[in-house]
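**Q** next one to model:
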Amino acid sequence: MNRVLPQKESGAYYTPDPVARSLVQWAVRAPAERLLDPSCGDGRFVAAHRNSVGIEQDPLAAGEASARARGAHIKQGDFFSWAESVTERFDCAAGNPPFIRYQTFKGDVRARALSMCAGIGAHFSGLTSSWAPFLVVTASLLRHGGRMAFVVPAEIGHAPYAAPLLEYLAAHFAVVHVVAVRDKIFPELSEDCWLLYCEGYGEETHEFRFTALASFGGMQTPPGEFTRVPVADWRTDWNRRLRPYLLSPEFRNYYSAIAGCRDSRRLGDIASIGIGYVSGANDFFHLRPTEADRLGIPAGFLHPTVRNGRALSARRLTAATVEHWRRNDDPILLLRIPKGIEVPHTVRRYLDSEAGQVAREAYKCRMRQPWYSVPDVQVPDYFLSYMIGLESSLVRNEAGCTCTNSVHRVRVRDEEGQRRIEQAWGLPFTGLSCELEGHPLGGGMLKLEPGEAAQIVLPSAEALQILNGPMIDEATTIMRKWRHYGDETQ
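**A** Numbering: from 1, shown residues only. Down below sits the predicted model:
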């Protein structure tokens with residue numbers, strides 16, 4: 001019996017009719033052409049072209065598709081299983097593949113999808129969301145010269161797992177055109193969506209076409225105005241990301257010039273950036289000072305910690321701040337028990353308590369030996385917030401605190417690196433660099449993964465002399481609009 005998946009798990013958010021009709025018009029050139037939709041949902045794409053085949057896993061949606069698109073052939077089942085055995089090849093494809101993240105894109109379906117992609121030359125990591133393999137396998141079912149047009153997550157512009165997809169498309173299509181859309185195609189989703197058009201299957205291209213639109217109300221053909229992005233530049237200059245092309249060529253050249261100035265540095269050149277520790281049971285391992293006193297936990301087994309980015313409100317974290325937390329009786333003391341030491345009886349009593357019995361069954365605790373020894377507890381030089389509203393905070397650790405994985409830890413390699421950070425952080429250009437190197441998370445937020453933070457440009461003294469304030473402010477405003485920061489709907 002087929003299980004009907006919840007909407008979020010299945011990735012099923014149906015495309016507005018004007019968008020679906022437009023993408024079918026982009027893909028189809030003649031009534032006799034055969035169209036494939038690999039995840040047809042309720043049939044909005046296949047209903048726009050009678051000579052269509054739609055595959056849909058959800059039986060209820062497949063029934064709706066059959067009723068909506070009576071001229072189409074609807075197959076209910078897993079797309080990847082069907083694709084392994086089908087011999088038919090298609091003139092074109094269009095649709096809206098399911099946006100299932102790697103946490104729920106798993107099991108036999110995921111293994112089959114990634115194996116099929118590897119067999120045709122696209123090698124994805126384990127962090128791949130489902131839509132990317134959908135597109136690769138769909139492309140492999142096209143006839144020579146075939147076309148496809150799809151709704152895709154805006155992650156195609158920045159996510160590392162999207163890079164193998166774009167590499168595959170560039171190697172197998174004469175035209176690869178990414179259309180960025182600022183206004184939300186799906187208002188009910190926090191995630192932004194863009195559009196992808198490819199033509200000339202069986203050939204290759206050495207450039208991407210990139211168009212940025214404020215909104216998409218429908219159009220019969222792909223946009224005629226676009227920026228040409230050499231694939232070689234995409235790989236090297238912008239670390240396989242299309243998101244910087246939201247800005248003008250003038251500004252991109254300016255940014256590259258600042259980054260290339262003698263003695264300008266990337267943050268990763270002078271510091272290591274990583275996530276804080278993962279306790280596995282925060283409520284158990286983080287104690288309030290009064291609780292630690294009541295339990296008789298020795299001070300040597302307690303370490304003050306930064307629990308989240310909200311605690312980082314200033315440029316420096318001092319002993320006075322930690323003392324303020326203590327007076328508030330905040331849960332800021334990490335129970336830190338190194339491996340291989342004798343555990344005092346008061347600590348052992350807490351470990352054997354009812355709360356300890358619950359904590360030791362948590363997944364992270366079960367997977368380590370001993371369960372109560374939290375790994376990778378470090379004291380960094382700086383804390384870096386990575387969930388950003390207006391701007392990121394980089395806070396100097398003068399209090400000897402450690403931190404959870406709710407903030408990044410930054411370890412500077414030498415005094416010169418520390419001087420460079422103190423000089424550059426807080427400059428408008430550095431804030432813009434965070435916008436360019438990070439990525440939108442939804443809800444107006446920007447996120448900086450450790451690898452993205454490592455790419456933040458710290459301008460040299462020479463570069464500071466040529467900083468263009470109005471240009472930087474304009475570019476920053478543009479990037480914040482694209483992540484919807486400050487929207488009235490947020």
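**Q** the stretch 51-200 of the chain: strands as residue ranges?
**A** Assigned by DSSP state E, counting those that start in this stretch, the strands in the stretch 51-200 of the chain fall at 52-56, 73-76, 90-95, 142-153, 175-181, 193-199.
**Q** can I get the first one in PDB, CA atoms only?
**A** What follows is the C-alpha trace of strand 52-56 in PDB, where atoms were taken according to Å, rounded to 0.1, in the frame of the first residue of the first chain:
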ATOM      1  CA  SER A  52       2.900  14.400 -21.900                       C
ATOM      2  CA  VAL A  53       4.100  11.800 -19.500                       C
ATOM      3  CA  GLY A  54       3.900  12.500 -15.700                       C
ATOM      4  CA  ILE A  55       5.400  10.500 -12.900                       C
ATOM      5  CA  GLU A  56       4.100  11.000  -9.400                       C
END
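**Q** from the contact counts, what lies against that strand?
**A** strand 35-37, helix 59-68, strand 73-76 (3 or more C-beta pairs under 8 Å, 6 or more residues apart in numbering; DSSP states H and E). All C-beta spots, glycine's among them, are computed from the backbone N, C-alpha and C.
**Q** a markdown table please, covering these and showing distance to Pro223.
**A** Shown next, in a markdown table, are the helices and strands packed on strand 52-56 (distance: least, C-beta to C-beta, whole Å):
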| stretch | distance to Pro223 |
| --- | --- |
| strand 35-37 | 21 |
| helix 59-68 | 28 |
| strand 73-76 | 31 |
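**Q** for those, which one sits closest to Pro249?
**A** Nearest to Pro249, of all the helices and strands packed on strand 52-56, is strand 35-37, at 36.2 Å by C-beta to C-beta.
**Q** for that closest one, name the packing helices and strands.
**A** Against strand 35-37 (3+ C-beta pairs under 8 Å, 6+ apart) you get strand 52-56, strand 90-95.
**Q** mean confidence score for the first one?
**A** When you say that, I think you mean strand 52-56. Mean per-residue pLDDT for strand 52-56: 96.
**Q** strand partners of it, parallel vs antiparallel please.
**A** Partner strands and pairing direction for strand 52-56 (DSSP bridges) are strand 35-37 (parallel), strand 73-76 (parallel).
**Q** quick check: which of the ones you listed is buried the most?
**A** For the strands paired with strand 52-56, average neighbour numbers computed from mean count of other C-beta atoms under 10 Å are highest in strand 35-37, which has a mean of 29.
**Q** flag every buried residue along stretch 427-438.
**A** Residues Phe429, Thr430, Gly431, Leu432, Ser433, Cys434, Glu435, Leu436, Glu437, Gly438 are the ones in stretch 427-438 that count as buried (16 or more other C-beta atoms under 10 Å).
**Q** try stretch 462-482
**A** Neighbour-count burial for stretch 462-482 [16+ other C-beta under 10 Å]: Ala463, Met471, Ile472, Ala475, Thr476, Ile478, Met479, Arg480, Trp482.
**Q** now, the residues you listed that are in strands?
**A** Assigned to strands by DSSP state E, none of the buried residues of stretch 462-482 qualify.
**Q** ok so, going back, turn the buried residues of stretch 427-438 into JSON lines, including secondary structure and distance to Gly126.
**A** Below are the buried residues of stretch 427-438 laid out as JSON lines (DSSP: H, G, I helix; E, B strand; the rest coil; distance: C-beta to C-beta, whole Å):
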{"residue": "Phe429", "secondary structure": "helix", "distance to Gly126": "36"}
{"residue": "Thr430", "secondary structure": "helix", "distance to Gly126": "33"}
{"residue": "Gly431", "secondary structure": "helix", "distance to Gly126": "33"}
{"residue": "Leu432", "secondary structure": "helix", "distance to Gly126": "32"}
{"residue": "Ser433", "secondary structure": "helix", "distance to Gly126": "29"}
{"residue": "Cys434", "secondary structure": "helix", "distance to Gly126": "27"}
{"residue": "Glu435", "secondary structure": "helix", "distance to Gly126": "28"}
{"residue": "Leu436", "secondary structure": "helix", "distance to Gly126": "27"}
{"residue": "Glu437", "secondary structure": "helix", "distance to Gly126": "23"}
{"residue": "Gly438", "secondary structure": "coil", "distance to Gly126": "22"}
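**Q** make a markdown table out of those residues and add pLDDT.
**A** Formatted as a markdown table, the buried residues of stretch 427-438 follow (pLDDT from 0 to 100):
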| residue | pLDDT |
| --- | --- |
| Phe429 | 94 |
| Thr430 | 94 |
| Gly431 | 93 |
| Leu432 | 94 |
| Ser433 | 96 |
| Cys434 | 95 |
| Glu435 | 95 |
| Leu436 | 95 |
| Glu437 | 95 |
| Gly438 | 95 |
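**Q** of those, closest to Val343?
**A** Gly438 (41.6 Å).
**Q** any idea how far that closest one is from Arg327?
**A** Distance of Gly438 to Arg327, given as C-beta to C-beta, to the nearest Å: 35 Å.
**Q** now Pro16: closest residue in space that isn't a chain neighbour?
**A** Nearest non-adjacent residue to Pro16, counting by C-beta to C-beta, 6 or more residues apart in numbering: Ile185, 6.8 Å away.
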